[in-house]
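J.: Based on what follows, work out the 3D shape:
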Amino acid sequence: MKKPKKKKTKETDADYVSNQALYDALVEYKIKITDAENAGRKKPKLPDFIGECVLKIATRLSFRPNFANYPYREEMVSDAVLNCITYIDNFDPSKSTSPFGYLTQICWFSFVRIINKEKKEKYVQYKFAEQKNDKDFHNWFNETYAGIDIGRRDFFGLTDLDMERFDEMLSLKKSKRKKRTKKINSNFLDI
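T.: As a prediction, this is how the structure comes out:
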């Protein structure tokens, strides 16, 4: 049995970004860009309407369950807006009539990139704490989380999959570094 679609009753339920209005604004902006290039002038400023749409798309996407609970959500939104503005000129109205989808994809991949960067940072912090063998840190950790079933990896927000992936990346970098050193040494001997 299919669920009936929810009827939009309030103004807040309306589409937060109109795909058609955004498309029309982008087409108009593209025309201004080509006119400026042909006249030898610099590129025109991005219209406020397009900027507002980009911000709305990025902000709304950040509230999805996939991204909502990250503490650096605001950084994700700002990076997504920057990426959208950077790549908005690549949108081709002759190939697609959905700038909303185009911008949403840019935001999505930007969010994933930020999450991976933050996880990598957490991994480095975890490895540093693990290798430093700092008694003060271990004492603080044991006192703070006494009676709570939390490991140090959980404290840094790392899963087993994250650990495997970063350990594998680390071992690949080490093997590439060894190969490069051997190649440099062999080239040095040939001289």
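J.: which residues of the chain fall in helices?
T.: With DSSP state H as the criterion, the chain has helices at 19-39, 48-62, 73-87, 99-132, 135-144, 152-155, 160-190.
J.: Find the residue ranges of the chain scoring beneath the pLDDT cut-off.
T.: 1-15, 129-130, 132-134, 141-142, 144-156, 173-191 (pLDDT under 70).
J.: and the nearest residue to Ile33 once chain neighbours are set aside, what are its phi and psi?
T.: Spatial nearest neighbour of Ile33, excluding adjacent residues (CB to CB, 6 or more residues apart in numbering): Lys43 at 5.9 Å. For the C-beta atoms, the positions are set from N, CA and C on the backbone; glycine is no exception. Lys43 has phi and psi values of phi -60, psi 140 when expressed as degrees, to the nearest 10.
J.: Give me the neighbour count for Lys43.
T.: 11 (other CB atoms under 10 Å).
J.: That one contacts Ala36, doesn't it?
T.: Yes: applying CB atoms under 8 Å as the test, Lys43 and Ala36 come out as touching, 5.9 Å apart.
J.: Grab the nearest non-local neighbour of Ser98.
T.: Asn19 (6.1 Å).
J.: need the contact list for that neighbour.
T.: Taking CB atoms under 8 Å, 6 or more residues apart in numbering as the criterion, Asn19 is in contact with Thr97, Ser98, Pro99, Phe100.
J.: Show me which of these are buried.
T.: Pro99, Phe100 (16 or more other CB atoms under 10 Å).
J.: now the contacts of Asn19 in TSV, with distance to Lys56?
T.: Formatted as TSV, the contacts of Asn19 follow (distance: CB to CB, whole Å):
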residue	distance to Lys56
Thr97	19
Ser98	16
Pro99	13
Phe100	10
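J.: What is the nearest of the contacts of Asn19 to Phe166?
T.: Phe100 (34.8 Å; CB to CB).
J.: Could you measure from the closest one over to Val54?
T.: 10 Å (CB to CB, to the nearest Å).
J.: With Thr97 instead?
T.: Taking CB to CB, one finds Thr97 at 18 Å from Val54.
J.: Equivalent analysis for Glu143, please.
T.: As judged by CB to CB, Glu143 and Val54 stand 46 Å apart.
J.: Tell me which of those two has more neighbours.
T.: Neighbours per residue, other CB under 10 Å: of Glu143 and Val54, the larger number sits with Val54, 24 against 8.
J.: Name the nearest residue to that one, sequence neighbours excluded.
T.: Cys84 (4.5 Å).
J.: That neighbour and Ser94, how far apart?
T.: From Cys84 to Ser94 the distance is 20 Å (CB to CB).
J.: Of those two, which one has the most company?
T.: Shown here are Cys84 and Ser94; by other CB under 10 Å, Cys84 has more neighbours (25 against 7).
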